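>>> Got a predicted structure plus its sequence, pasted below:
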Amino acid sequence: MSADRAPPPSHPIAALRRHTAARIGLGRAGAGLPTAAHLDFAEAHARARDAVHAGFAAEAIEAELLGTGRAVLRIASAAPDRPTYLRRPDLGRRLGEPAQAALEAAGREGPFDLALIAADGLSAHAANLYAAGVAADVLRLLPGDWRVAPILVASQARVALSDPAGAALKARLVLMLIGERPGLSAADSLGAYLTFAPEPGRTTDADRNCVSNIREGGLPPSLAAPKLARLLTRATALGFSGTRLKDEEDLIEHAAQAALGAAPESR
């Protein structure tokens, strides 16, 4: 660049990029993206694809969960392999025949207060990283008199697999920790889905609660576990989950923030 030409100005919101993983302030080169932004996009897309096809460390997760002192069962959906799972979401929502039989046998020891499932979902990478740790932390925070069913490690699973699984175990509540669909800024995000009175064939997700983006770059697992324990305890007390169930601590925090924001105007 010649001495008499000033360098091109940076994007006006580029400074905000250090505060978020969102794809903002990328700039442009003519009608397209700069080379660096294009290469970053390609890398993020490759990571997302890798997460979808990553192997599920079911054995390692089972071993870690056995360290909680609880029984663990490994099950699989009706999807026989990963390609079928990706093409046939309906099969990922149904129990395979061996799993159905195993859960019905375990359910004879019920009823249980909670069934907890660690599942691969669309990002086995996320489940491998966080599912066992979050599950163990949630269990430590629950009331000591709760009856917890054998923990399930589920392969080729969709969220709705928690309905027939929870019903077969005669569980009052089911909590599924599952790898979320990877995005271009997060391929390692774990989701948690809580359902009161699970039953096969549930046609709406309005009766579930979801806590998403559980990962070190999002909602830290250390904060997700207490939140999930609060929701589980409250769902049991109220007898429902879904859109009517709120985390009271979140409501108190939001109210406090609103009050602080309004304070200058009230003086």
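Received it, and whenever you're ready, just let me know what you need. As the structure is a computational prediction, the values presented were derived from the model and not from experiment.

>>> Let me see the ranges of the strands in the stretch 151-267 of the chain.
Along the stretch 151-267 of the chain, the segments classed as strands by DSSP state E, counting those that start in this stretch run 151-155, 171-179, 190-196, 208-214.

>>> same question, the stretch 1-150 of the chain
Counting by DSSP E, counting those that start in this stretch, the stretch 1-150 of the chain has strands at residues 72-76, 112-119.

>>> Out of those strands, flag the one nearest R202.
strand 112-119 (14.6 Å; CB to CB). Yep, even glycine has a C-beta here, placed from its N, CA and C like the rest.

>>> what's the average pLDDT for that closest one?
Taken as a whole, strand 112-119 has an average pLDDT of 98.

>>> Check which helices and strands it sits against.
helix 124-141, strand 151-155, helix 162-168, strand 171-179 (3 or more CB pairs under 8 Å, 6 or more residues apart in numbering; DSSP states H and E).

>>> picking that back up, so which of the strands of the stretch 1-150 of the chain is the most surrounded?
Stretch with highest mean neighbour count among the strands of the stretch 1-150 of the chain: strand 112-119 (a mean of 26; mean count of other CB atoms under 10 Å).

>>> got a list of contacts for that one?
For strand 112-119, the external contacting residues (CB atoms under 8 Å, 6 or more residues apart in numbering) are 61, 65, 127, 131-132, 135, 138-139, 142, 146-149, 151-155, 157, 161-162, 165-166, 169-179, 198, 232, 236.

>>> Report the distance from that strand to the chain centre.
Going by CA atoms, centre = their mean, to the nearest Å, the spacing between the C-alpha centre of strand 112-119 and its chain's C-alpha centre is 14 Å.

>>> And stretch 43-53, by the same measure?
17 Å.

>>> I'd like the average pLDDT over it.
Across stretch 43-53, the average pLDDT comes to 85.

>>> For it, buried residues please.
By neighbour count on 16 or more other CB atoms under 10 Å, the buried set for stretch 43-53 is 44, 47-48, 51-52.

>>> Dump those to JSON lines, plus distance to D81.
What follows is those, written out as JSON lines (distance: CB to CB, whole Å):
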{"residue": "A44", "distance to D81": "26"}
{"residue": "R47", "distance to D81": "22"}
{"residue": "A48", "distance to D81": "20"}
{"residue": "A51", "distance to D81": "17"}
{"residue": "V52", "distance to D81": "14"}
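
>>> Make TSV out of the strands of the stretch 1-150 of the chain and add distance to P221.
Supplementary listing: the strands of the stretch 1-150 of the chain in TSV, determined by distance: least, CB to CB, whole Å:
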stretch	distance to P221
strand 72-76	19
strand 112-119	13
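
>>> So, low pLDDT: which residues of the chain?
Scanning the chain for pLDDT under 70 picks out 1-11, 14, 203, 250-267.

>>> just the helices in it please.
In chain order, the chain shows helices spanning 35-53, 58-66, 82-87, 89-92, 97-107, 124-141, 162-168, 221-238, 248-266, with DSSP state H as the criterion.

>>> Of those helices, which stretch is the most buried?
helix 162-168 (a mean of 25).

>>> Tell me the spacing between D81 and G217.
31 Å (CB to CB, to the nearest Å).

>>> I'd say P164 and L95 touch.
Yes. Using CB atoms under 8 Å, P164 is in contact with L95, at 5.1 Å.
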